[in-house]
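>>> have a look; sequence and predicted model below, questions after that.
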Amino acid sequence: MSGAQEERIVVGLDIGTTKICAIIARKNEEEGPKIVGIGNTPSKGLRKGVVVNIDETIKSIQRAIIEAEKMAGIEVMDVYVGIAGDHIKSQNSKGVVAARGQEITEEDVRRVIDAAIAVQIPNDREVLHAIPQEFIVDSQKGINDPVGMSGVRLEAEVHIVTGAITSAQNLYRCVEKAGYGVRDIVLEPLASSLAVLTEDEKELGVALIDIGGGTSDIAIFHGNAIRYTSVVGLGGNSITDDLAFGLSAPIDEAERIKKTYGCAIEDSDEDLEEQIEVRPVGGRKNRYVTRDVLNKIIQPRVEEILMLIYRELKKSDYYDLLGGGIVLTGGGALLRNMDLLAEQIFEKPVRIGYPVGFGGLKGVASDPQYSTGIGLCLYGLQNYSESEVSRFSSDGNRFKVIYDKMKEWIKDLF
């Protein structure tokens with residue numbers, strides 16, 4: 001996408017299991033980022049973040065972007081795409097090099113990051129992100145920027161995120177066949193963190209949990225660096241499916257009931273005998289169930305999802321260091337009293353993360369379900385190159401481009 005030098009326009013494309021969301025953001029020299037267009041359409045071609053029907057996914061992408069284009073009055077050429085799914089894996093790695101001169105240079109930094117990511121990765125996986133956590137110069141730890149320092153030994157601790165090659169290729173193919181280029185691919189919880197977390201939280205230690213339709217994505221920050229990422233293969237759709245089965249209702253009716261009457265844990269003053277009308281499958285006569293029945297269907301599933309997340313958090317070795325608590329975001333975080341139940345299970349302070357840091361359509365976009373899309377826009381604005389054209393095509397090595405792009409991004413940090 002092109003534009004005047006003083007103005008930047010980026011598009012974030014959140015391709016989720018439940019919805020596909022396109023968000024157009026604009027930023028110029030005089031004003032901060034503004035959301036100028038939003039497109040939101042049901043997602044029919046994905047399961048747990050992975051493309052299972054290319055044609056349906058292409059149609060959903062086109063509908064979402066066209067809707068955002070009409071609102072913004074802007075023609076979209078390329079997008080920043082979020083990636084998630086239970087194929088995403090992560091690990092921490094360390095690299096060590098000898099400095100070539102009397103002081104450490106950017107070239108030394110690039111070499112030590114290359115050394116850190118030279119780890120054994122299965123043939124069906126590739127590096128999506130390589131994010132420096134800290135540098136160590138001659139045993140001095142906690143260095144964010146070693147360039148210009150004196151030293152002979154440079155170490156880097158790096159967080160590496162990998163994904164299944166075929167899953168990402170199918171995602172790219174869908175975007176390209178929809179008629180758009182891909183500027184970059186971004187891990188969705190990393191994007192969401194830009195929209196909902198504060199610098200103080202990331203410094204003190206915080207876990208971001210993005211509860212989507214098919215998966216719940218986890219990212220832990222400490223010392224202002226990402227330390228751990230993981231994915232739990234359950235999300236809001238599991239709650240909807242339970243309601244559909246328990247109430248013998250169509251999926252869309254179960255989703256409506258969940259959003260309107262659903263509750264993660266009952267309120268003390270809630271009328272458990274309140275009657276709720278349900279439209280059953282097969283055109284049968286409408287019937288009624290009590291709130292108590294709904295609660296007994298919903299709460300066990302939410303507890304299961306949160307307990308699985310809790311176990312993942314405990315695996316990270318950072319659980320006891322989460323001084324900033326837990327932040328829930330994504331569409332699943334909108335279930336009433338989700339934060340109250342999460343506090344009981346995690347035994348830590350919990351808040352709902354609403355996207356901030358932008359103007360424009362603030363009233364429309366200030367919703368946890370838009371955290372990833374807005375985060376993708378913020379990521380794009382931070383890493384924007386006016387001369388850059390679409391970085392991906394249907395042939396060629398996409399992952400090498402991602403890898404090169406990440407190295408450029410790391411270089412820009414210094």
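Structure's in. What do you need?
>>> could you use CA atoms for every contact and neighbour count after this?
Fine.
>>> wasn't Ser371 part of a helix?
Yes - checked against DSSP: H, G, I helix; E, B strand; the rest coil, Ser371 lies within a helix.
>>> my guess is it contacts Thr329, does it?
Yes - Ser371 lies in contact with Thr329 (C-alpha atoms under 8 Å); the separation is 7.0 Å.
>>> what do the two both touch?
Here Ser371 and Thr329 share the contacting residues 196, 354, scored by C-alpha atoms under 8 Å, 6 or more residues apart in numbering.
>>> got a list of what Phe376 touches?
That one is not Phe; residue 376 is Leu. Here Leu376 is in contact with 11-14, 80-82, 186, 188, 191-192 (C-alpha under 8 Å, 6+ apart).
>>> so it is in which element?
Here Leu376, judged by DSSP states H and E, is contained in helix 371-382.
>>> just the CA atoms of that helix, as CSV, please.
Output of helix 371-382 as CSV, limited to C-alpha atoms (Å, rounded to 0.1, in the frame of the first residue of the first chain):
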residue,chain,number,x,y,z
SER,A,371,-7.3,-6.9,20.4
THR,A,372,-5.5,-9.0,17.9
GLY,A,373,-6.5,-7.0,14.8
ILE,A,374,-5.6,-3.7,16.5
GLY,A,375,-2.4,-5.2,17.7
LEU,A,376,-1.5,-6.2,14.2
CYS,A,377,-2.0,-2.6,13.1
LEU,A,378,0.2,-1.3,15.9
TYR,A,379,2.9,-3.9,15.0
GLY,A,380,2.6,-2.8,11.3
LEU,A,381,3.0,0.9,12.2
GLN,A,382,6.1,0.1,14.3
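>>> for that helix, which positions count as buried?
By neighbour count with 16 or more other C-alpha atoms under 10 Å, helix 371-382 contains the buried residues 371-381.
>>> now do stretch 237-256
By 16+ other C-alpha under 10 Å, the buried positions in stretch 237-256 come out as 237-244, 247-251, 253-255.
>>> for PyMOL, write the selection for the buried entries among the contacts of Leu376.
Buried members of the contacts of Leu376, defined by 16+ other C-alpha under 10 Å, are picked up in PyMOL with:
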select buried, resi 11+12+13+14+80+81+82+186+188+191+192
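>>> in strands only, show me the contacts of Leu376.
11-14, 80-82, 186 (DSSP state E).
>>> can you add pLDDT and distance to Ala22 and give those residues back as a markdown table?
Putting the ones in strands among the contacts of Leu376 into a markdown table (pLDDT from 0 to 100; distance: C-alpha to C-alpha, whole Å) gives the following:
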| residue | pLDDT | distance to Ala22 |
| --- | --- | --- |
| Val11 | 96 | 7 |
| Gly12 | 96 | 6 |
| Leu13 | 96 | 5 |
| Asp14 | 94 | 6 |
| Tyr80 | 95 | 10 |
| Val81 | 94 | 10 |
| Gly82 | 93 | 11 |
| Val186 | 91 | 14 |
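>>> just those residues now: which is nearest Gly323?
Gly323 has its nearest neighbour among those in Val186, at 26.4 Å by C-alpha to C-alpha.
>>> how close does that closest one sit to Gly101?
Between Val186 and Gly101 the computed distance is 35 Å (C-alpha to C-alpha, to the nearest Å).
>>> buried by neighbour count: which residues of the longest helix along the chain qualify?
The longest helix of the chain (DSSP state H) is helix 291-315. Neighbour counts over helix 291-315 (16+ other C-alpha under 10 Å) mark 291-295, 297-299, 301-303, 305-306, 308-309, 312-313 as buried.
>>> all set, thanks.
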